[in-house]
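> here are the coordinates; sequence isn't available:
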């Protein structure tokens, strides 16, 4: 008799409790199952729409923003279908605000920093930047992090808040860059002749800017060499190419003129007293 009553009670719970809730559960599952592919489809449509946009930085940011808002909307709608009101959900989150705030502090700061980077534009996609000894070309700025591609074709993922709270050097922000190439010559060499050779090689390069004009200065009188500095202005896109090209040209031309580029060396002088002491 007890078993019959227990089975009947369990059946009543299923009939009165679970079955009325089942349509809501099915609706929530269907909403998520349909909504996620729909969010991805919407993301792809945005990419196609913005494909010809002249601002790749804003394009990638907006695409990610649309996708995240779509996922958030689907999640809230599914919870509402299950009978969990958004206000109730916010109340529960508010009760645990301290723990959630500490856990999501960096997460939220990265999102805020992402908006700062998009609106203030210290750099954009395609710029070559340096932050905290990390350098690379910006390939993407999303809500949470910025992606750099290094010269070694490595991907660097830097949280957005680090780019807002630290100094960032943007090497390609301006169209022109100053290129300084140090050159050491022997103390017995003719400085004027060495200067003429370096200036001539800089003038041969088509990408060298005429204004301000190239110059060669004596930077320092070092321990082993007279340190010259060859200074010129170049377009940012040709900076690295011109640097390596001129380094090779300088070496070849100075060798041809018999002007030595010395290497560090140590000269030891022995006095007669030292020699007698050894005998």
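Perfect, thanks for sending it. This is a predicted model, so every value here is computed, not measured.

> hey, let's count contacts and neighbours off CA atoms from now on
Will do.

> Give me the below-cutoff pLDDT ranges for the stretch 101-250 of the chain.
Along the stretch 101-250 of the chain, segments meeting pLDDT under 70 span 101-105.

> Could you check which helix or strand contains residue 139?
According to DSSP states H and E, residue 139 maps onto strand 134-141.

> Over to residue 201?
For residue 201, the host element (DSSP H and E) is helix 191-204.

> Any buried residues in that helix, and which?
Going by neighbour count (16 or more other C-alpha atoms under 10 Å), the buried part of helix 191-204 is 191, 194, 195, 197, 198, 199, 202, 203.

> Then stretch 136-151?
Applying 16+ other C-alpha under 10 Å to stretch 136-151 flags 136-150 as buried.

> Need the distance between the two termini of that stretch.
Stretch 136-151 has an end-to-end distance of 7 Å (C-alpha to C-alpha, to the nearest Å).

> same thing with stretch 213-227?
End-to-end for stretch 213-227, by C-alpha to C-alpha: 20 Å.

> So which bits of stretch 221-236 are buried?
By 16+ other C-alpha under 10 Å, the buried positions in stretch 221-236 come out as 224-236.

> now swap in stretch 149-163 and tell me
Neighbour-count burial for stretch 149-163, with 16+ other C-alpha under 10 Å as criterion, is recorded at 149, 150, 156, 158, 159, 160, 161, 162, 163.

> out of the buried residues of stretch 221-236, who's nearest residue 216?
Nearest to residue 216 among the buried residues of stretch 221-236, counting by C-alpha to C-alpha, is residue 230 at 4.6 Å.

> ok, for the closest one, nearest residue in space, not its chain neighbours?
Sequence neighbours aside, residue 216 is the residue nearest to residue 230 in space, at 4.6 Å (criterion: C-alpha to C-alpha, 6 or more residues apart in numbering).

> likewise residue 253?
Leaving out its chain neighbours, the residue that sits closest to residue 253 by C-alpha to C-alpha, 6+ apart is residue 197, at 6.9 Å.

> residues contacting the closest residue to residue 164 other than its chain neighbours?
Computed as C-alpha to C-alpha, 6+ apart, the closest residue to residue 164 that is not its neighbour in sequence is residue 113, at 6.2 Å. Applying C-alpha atoms under 8 Å, 6 or more residues apart in numbering, we find residue 113 in contact with 160, 161, 163, 164.

> So residue 113, which state does it fall into?
Assigned with DSSP: H, G, I helix; E, B strand; the rest coil, residue 113 falls in the helix class.

> Can you give the domain ranges for this structure?
2-95, 109-170, 176-256 (automatic domain parsing).

> related to what we said a few turns ago, got CSV for the buried residues of stretch 221-236, with distance to residue 29 and secondary structure too?
Output for the buried residues of stretch 221-236, formatted as CSV (distance: C-alpha to C-alpha, whole Å; DSSP: H, G, I helix; E, B strand; the rest coil):
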residue, distance to residue 29, secondary structure
224, 77, coil
225, 76, coil
226, 76, strand
227, 73, strand
228, 72, strand
229, 69, strand
230, 69, strand
231, 67, strand
232, 65, strand
233, 62, strand
234, 60, strand
235, 57, strand
236, 54, helix
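
> Just the closest of the residues you listed to residue 247, please.
Taking C-alpha to C-alpha as the measure, residue 247 lies nearest residue 230 of the buried residues of stretch 221-236, at 10.2 Å.
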